[in-house]
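> Next input, structure requested:
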Amino acid sequence: MAAKPKAARSGIPTRQKIRRTLLVASLLLMPVVINYGPPFLVIEGSANRVNCLTCNQVCSKSLDVNAMVQSGSFANPECILCGNCVDTCPKGNIRYAFRWSR
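Residues are numbered from 1 along each chain as shown. Model prediction:
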């Protein structure tokens, strides 16, 4: 009986290994998704704000971003998460973050 030739070790994982890795990853993440739902993108601000009002000037929806940073709540239904305030904040106090739905 002839021996099967060994596959060359190129460092590329086989399809079976990829499938197994994806299965394990999905099983590990499943309780998180079931309990909390998928993560969603939010904008958050820190208390170390500068009060320069640049964020208000660049907001594409003309929202009072500075007031939202002061209150700690960016839960404005008109905010489209364009990120203009995030990009122009001189101190980096306004940033994107992921939150779970719970």
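> pLDDT weak spots in this structure?
Applying pLDDT under 70 to the chain flags residues 1-13, 27-38, 101-102.
> quick one, strands of it?
Along the chain, counting by DSSP state E, strands occupy 40-45, 94-99.
> just these: most buried one?
Stretch with highest mean neighbour count among the strands of the chain: strand 40-45 (a mean of 16; mean count of other C-beta atoms under 10 Å). Yep, even glycine has a C-beta here, placed from its N, CA and C like the rest.
> Give me the sheet partners of that strand and which way each runs.
Sheet partners assigned to strand 40-45 using DSSP bridges are listed as strand 94-99 (antiparallel).
> Please save the CA atoms from the partner strand in CSV.
C-alpha atoms of strand 94-99 as CSV (Å, rounded to 0.1, in the frame of the first residue of the first chain):
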residue,chain,number,x,y,z
ILE,A,94,-15.7,63.5,21.5
ARG,A,95,-15.2,60.0,20.2
TYR,A,96,-16.9,57.0,18.6
ALA,A,97,-17.7,54.0,20.9
PHE,A,98,-19.5,50.7,20.6
ARG,A,99,-22.3,49.9,23.1
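> who touches that strand?
By C-beta atoms under 8 Å, 6 or more residues apart in numbering, the surrounding residues in contact with strand 94-99 are 39-46, 55, 65, 69, 81, 83, 85-86, 89.
> redo that, cut-off 6 Å
39, 42, 44-45, 85-86 (C-beta atoms under 6 Å, 6 or more residues apart in numbering).
> For those, work out which two are farthest apart.
Comparing every pair within these by C-beta to C-beta identifies Pro39 and Cys85 as the most remote, at 20.7 Å.
> just the helices in the protein please.
Ranges of helices in the chain, per DSSP state H, are 15-36, 54-58, 65-71, 84-88.
> what about Pro39 and Cys85, which has more around it?
Cys85 (27 against 13; other C-beta atoms under 10 Å).
> who touches that one in this structure?
55, 65, 94.
> Equivalent analysis for Phe40, please.
Contacts of Phe40 by C-beta under 6 Å, 6+ apart: none found.
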